[in-house]
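Asker: pasting the structure only:
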């Protein structure tokens, strides 16, 4: 199973290492179009202001909302205020 890791900020390399240990196929997600290649998404924690700015700049809010309404998604210690169901920050 191919699991995406949002690779904008945070310790995405450590998340990749753990997924490999679980015999899953990690892939770094750097652009909204990368979401089309994965079955699940992990959003690693990071500094919330920086994470919010990077997600805004890359156009991730709408695409992650759409993805998470159809697929599993996990925000790991992520303090970005994000309501997947309502698509609001």
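Answerer: Great, that's in hand. All values reported here derive from a predicted model rather than from experimental measurement.

Asker: show me the shaky parts of the protein.
Answerer: 77-89 (pLDDT under 70).

Asker: repeat that with 50
Answerer: 89 (pLDDT under 50).

Asker: how about the strands in the chain?
Answerer: 2-6, 25-29, 40-44, 73-76 (DSSP state E).

Asker: which residues of this structure fall in helices?
Answerer: 12-21, 48-58, 60-68 (DSSP state H).

Asker: quick one, which of those gets closest to residue 38.
Answerer: helix 60-68 (8.2 Å; Cβ to Cβ). No exception for glycine: its C-beta is placed from N, CA and C like everyone else's.

Asker: just checking, what packs against that closest one?
Answerer: Identification of packing neighbours for helix 60-68 by 3 or more Cβ pairs under 8 Å, 6 or more residues apart in numbering; DSSP states H and E yields strand 40-44.

Asker: got a markdown table for the strands of the chain, with mean neighbour count too?
Answerer: Formatted as a markdown table, the strands of the chain follow (neighbours: other Cβ atoms under 10 Å):
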| stretch | mean neighbour count |
| --- | --- |
| strand 2-6 | 23 |
| strand 25-29 | 18 |
| strand 40-44 | 22 |
| strand 73-76 | 16 |
